[in-house]
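Any chance you could fold what I've pasted below:
(one chain, ligands or ions: 1)
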Amino acid sequence: MKKWYAVIGDPIAQSMSPTMHDAWFRENGIEATYIPIHVKVDQLEEAVASLKRLGCSGWNVTVPHKHAIIPFLDQVDEEARRMGAVNTVKVLEDGSLFGTNTDGRGFVRSLLEIGGNQKEVGELLIIGAGGAAAGISFALESAGFGPITVTNRTIEKAREMSESFIEGNALSLDDAQSEIGKFGLIVQTTSVGMNFAQSGIPLDPTRITEGAIVADIIYNPLETEFLRHARVAGGKTMNGVGMFVHQGALAFELWTGIYPDTKKMIQTISTELGGK
Ligand code: ATR
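Model prediction:
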């Protein structure tokens with residue numbers, strides 16, 4: 001029987017995951033399909049039961065269900081448990097549900113793909129202390145990157161994250177701003193600049209060291225104001241398309257055992273977003 005996969009969220013119509021996974025199924029000769037399913041907050045438990053009953057082999061989870069889905073799963077790996085968020089579910093052979101989170105590892109893969117490596121990058125600055133920042137920091141630390149400094153508008157959250165979640169330091173935005181020249185990798189994880197809705201920059205990257213890698217996990221727009229300033233200042237910039245594609249590729253690998261072609265997909269998605 002043809003296998004099927006899904007992504008659940010609210011809203012869901014804008015999701016690029018179905019096109020991406022369907023292309024990968026085709027490219028790899030796999031008889032399967034991937035569909036978007038609109039699931040509202042109060043429908044989550046019923047949706048999980050239905051996906052299982054209807055023979056779905058696995059699904060992605062997006063806003064607002066990443067945390068809420070955890071109690072409905074049978075097993076959740078350490079990374080997802082620590083982050084308190086699941087973005088990928090696999091239905092195991094015995095029918096039980098396994099949840100993981102590929103967002104942070106997806107970021108690391110996309111960083112490695114552009115040539116950022118543990119030895120050369122040196123000190124890291126993470127801007128933001130929400131769920132995305134936690135996943136990325138954890139994955140970077142696990143991959144041997146560091147030392148990590150976290151800065152956030154609400155400094156207490158940066159402290160909490162840097163003490164309980166990773167072995168890092170916390171700085172206020174003002175202090176991070178003054179010390180920005182010492183970081184070899186700066187990762188912007190806040191929502192500032194997303195969808196053109198929140199204009200502005202969380203931190204001014206004008207005085208970064210030339211050649212520092214500056215990443216923004218936002219991919220719409222492809223170049224946020226923050227990233228543009230960093231590029232003009234001589235930074236090597238990376239937008240969020242790579243992280244998006246690699247988090248999907250890691251899910252695809254979990255389901256099929258194959259790591260799909262990410263370079264071509266990054267180009268396809270960038271072209272599509274750039275044309276909008
Ligand atoms: P996500 O799971 O996507 O990381 P989140 O957990 O809501 O989302 O975290 C959002 C992050 O963006 C937080 O670090 C937040 O800062 P606060 O902890 O101070 O709220 C940050 N953020 C959101 N809007 C911001 C703004 N206008 N300026 C600076 N930081 C902002």
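
Tell me how many other residues surround the residue of the stretch 101-250 of the chain found nearest the ligand.
Here the stretch 101-250 of the chain gets closest to the ligand at one residue, Gly130, 2.0 Å apart by Cβ to the nearest ligand atom. For the C-beta atoms, the positions are set from N, CA and C on the backbone; glycine is no exception. The number of residues packed near Gly130 is 14, by other Cβ atoms under 10 Å.

For the residue nearest to it when sequence neighbours are not counted, give me its contacts.
Closest residue in space to Gly130, ignoring its immediate chain neighbours: Thr189 at 6.8 Å, by Cβ to Cβ, 6 or more residues apart in numbering. Thr189 makes contacts with 126-128, 130, 132-133, 136, 217, as judged by Cβ atoms under 8 Å, 6 or more residues apart in numbering.

name the helices or strands packed onto the helix or strand of the chain with the lowest mean pLDDT?
Ranked by mean pLDDT, DSSP states H and E, the helix or strand of the chain with the weakest confidence is helix 118-121, at a mean of 87. Contacts defined by 3 or more Cβ pairs under 8 Å, 6 or more residues apart in numbering; DSSP states H and E place helix 118-121 against no helix or strand at all.

Was I right to think Glu141 contacts Glu167?
Yes: counting by Cβ atoms under 8 Å, Glu167 is a contact partner of Glu141 at 7.1 Å.

Those two - which one has more neighbours?
Glu141 (19 against 11).

quick one: the top helix by length along the chain near the ligand?
Ranked by number of residues, the top helix in the chain under DSSP state H is helix 241-256. No: for a cut-off given as Cβ under 6 Å from any ligand atom, helix 241-256 has no contacts with the ligand; the smallest distance is 12.0 Å.

Pull out the buried residues from the host helix or strand of Glu45.
Per DSSP states H and E, Glu45 falls inside helix 44-53. Residues of helix 44-53 classed as buried by neighbour count (16 or more other Cβ atoms under 10 Å): 44, 47-48, 51.

chain center to that helix, what's the gap?
25 Å (Cα atoms, centre = their mean, to the nearest Å).

repeat for stretch 259-272
Chain-centre distance of stretch 259-272: 16 Å, with Cα atoms, centre = their mean.

Outside of that stretch itself, which residues are in contact with it?
16, 20, 23-24, 27-28, 109-110, 113, 219, 222, 241-242, 244-246, 248-250, 252-253.

Run through who's touching the helix holding Glu45.
6, 8, 37, 39, 59, 65, 68-69, 72, 91, 95, 97.

Thanks a lot, catch you later.
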